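Colleague: sequence and predicted structure are below.
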Amino acid sequence: QKEVEQDPGPLSVPEGAIVSLNCTYSNSAFQYFMWYRQYSRKGPELLMYTYSSGNKEDGRFTAQVDKSSKYISLFIRDSQPSDSATYLCATFNTGTASKLTFGTGTRLQVTL
Amino acid sequence: EAQVTQNPRYLITVTGKKLTVTCSQNMNHEYMSWYRQDPGLGLRQIYYSMNVEVTDKGDVPEGYKVSRKEKRNFPLILESPSPNQTSLYFCASSYRVGREQYFGPGTRLTVT
């Protein structure tokens, strides 16, 4: 079993839709959670960085962490075609802080 | 502009011919890391470096070498490349271990 599981998609939504991207993880020691966005032929870029359970909002993006169920989510409001990319969740704990453990990524396509 | 650069961006080589992929960052980051990205497997860490002259193995170090003689540079060396090292490689850096990582644009390597 992978430490971080993520549905690979693809997920196709119309412009303006609310998008929900999700990951589950198995290691309860994970404390820090990130979402990266990766456009085709580019490196991942950091979108959100959160610690502990709860919500964090940044513009149209909201990251949510539920440690009790080991579930992390990224919500995108008013999705735009420019949001079409692969979204990667990542996590680590202070004991393994030398590396990030990534999900395999969910490919999102926002159509006009 | 703060960035992580990699060279070359694309490389086709033959089995056994030594090659080096360079990585450089201009953010004075202490921590640097190499990942490979493969379909269905996501991003996996190859090697990382906590600072100059300090390197350690990640999850998939076999067949790779690294060095960190200067803070800004972290080259990845394949002494005798094999076809199973065909992959997309990313270099990343962060100001210290455990913080958000910034990725380079990637190097697509094909070994025939």
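Modeller: Right, received. Where do you want to start?
Colleague: verify the stated contact: residue A:108 with residue A:6.
Modeller: No: if you go by C-beta atoms under 8 Å, residue A:108 and residue A:6 don't touch, sitting 11.8 Å apart. Placement of C-beta: from N, CA and C, glycine included.
Colleague: pLDDT weak spots in chain A?
Modeller: Along chain A, segments meeting pLDDT under 70 span A:94-98.
Colleague: near chain B, which residues of it?
Modeller: Contact residues, chain A versus chain B (C-beta under 8 Å from any C-beta of the partner chain): A:6, A:8, A:32, A:34, A:36, A:41-46, A:49, A:88, A:92, A:94, A:97-100, A:102-105.
Colleague: repeat that for 7 Å
Modeller: A:34, A:42-46, A:49, A:92, A:94, A:97-100, A:102-105 (C-beta under 7 Å from any C-beta of the partner chain).
Colleague: can you flag the buried ones in those?
Modeller: Among the residues of chain A next to chain B, those classed as buried by 16 or more other C-beta atoms under 10 Å in any protein chain shown are A:34, A:43-44, A:49, A:92, A:98-100, A:102-105.
Colleague: so of those, which ones are in helices?
Modeller: When DSSP state H is applied, those are split such that none fall in helices.
Colleague: using CSV, lay out those together with distance to residue A:72.
Modeller: Converted to CSV, these look like this (distance: C-beta to C-beta, whole Å):
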residue, distance to residue A:72
A:34, 9
A:43, 21
A:44, 16
A:49, 12
A:92, 13
A:98, 21
A:99, 18
A:100, 13
A:102, 12
A:103, 9
A:104, 14
A:105, 14
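Colleague: among these, name the ones in strands.
Modeller: Per DSSP state E, strands hold the following members of those: A:34, A:49, A:92, A:102.
Colleague: quick check, the second one in contact with residue B:100.
Modeller: This means residue A:49. Yes: using C-beta atoms under 7 Å, residue A:49 makes contact with residue B:100 at a distance of 5.1 Å.
Colleague: sticking with the spatially most central residue of chain B, tell me its helix or strand.
Modeller: The structure's chain B has its C-alpha centroid closest to residue B:34; by C-alpha atoms, centre = their mean the separation is 3.1 Å. If you go by DSSP states H and E, residue B:34 is part of strand B:31-38.
Colleague: how far does the regular element (helix or strand) spanning residue B:92 sit from the chain's center?
Modeller: In the assignment (DSSP H and E), residue B:92 maps to strand B:87-94. In terms of C-alpha atoms, centre = their mean, to the nearest Å, the centre of strand B:87-94 is found 5 Å from the chain centre.
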